[in-house]
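Asks: pasting the structure only:
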């Protein structure tokens, strides 16, 4: 079975059209290449809307945080990072306790990465700076080589 695309007018097999239960023959009006072009054009024409929607969804999914609450936190911190007190060129990152999910504040990208590394390697770094070099822990692949 074939169908003509509403945009390019090319007649193609219905397998070249996306499924649409409401469309004629159960497929969309536009062939896949034309539909892709239309979707891309719509996305680019509404880029700010798509970014805002993705941001709202991400905050809610990852942290259970509404955009309103994020904005309240942002205003309460005067738009500054909670650690270095510098304004961020992009959105501030949500800092949270990984085990409990408790939100601590908003951080710039640098401080967010720094804090993540500190939580992971802070004790070892402090020992190193004090000159207390702990015994190195061999990596699993190094143990196999030593055998």
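Replies: Received the coordinates, thanks. Note that the coordinates shown come from a computational prediction; the quantities given were computed from them, not determined experimentally.
Asks: tally of neighbours for residue 76?
Replies: Around residue 76 sit 11 other residues, with neighbours defined as other CB atoms under 10 Å. Where you see a C-beta, it was placed from the backbone N, CA and C, and this is true even at glycine.
Asks: would you list the phi and psi of the residue lying closest to residue 103 once chain neighbours are set aside?
Replies: Nearest residue to residue 103, sequence neighbours excluded (CB to CB, 6 or more residues apart in numbering): residue 96, at 4.9 Å. The main-chain torsion angles of residue 96 are listed as degrees, to the nearest 10 and equal phi -140, psi 150.
Asks: residue 96: how many residues sit nearby?
Replies: By other CB under 10 Å, the residues close to residue 96 number 16.
Asks: and it, how close does it get to residue 115?
Replies: As judged by CB to CB, to the nearest Å, residue 96 and residue 115 stand 11 Å apart.
Asks: before we move on, what about residue 68?
Replies: Computed as CB to CB, the residue 68 to residue 115 distance reads 25 Å.
Asks: higher neighbour count, the two?
Replies: Looking at residue 68 and residue 115 with other CB under 10 Å, you find the greater number of neighbours at residue 115, namely 17 against 9.
Asks: which secondary structure elements does whatever helix or strand that one lives in contact?
Replies: Assigned by DSSP states H and E, residue 115 belongs to helix 109-129. Helices and strands touching helix 109-129, by 3 or more CB pairs under 8 Å, 6 or more residues apart in numbering; DSSP states H and E, are strand 93-96.
Asks: what angle do the helix or strand just after the strand it packs on and helix 109-129 make?
Replies: Once strand 93-96 ends, the next helix or strand along the chain (criterion: DSSP H and E) is strand 103-107. Using axes from the mean of the first three to the mean of the last three CA atoms, to 10 degrees, one finds that strand 103-107 and helix 109-129 are set 110 degrees apart in direction.
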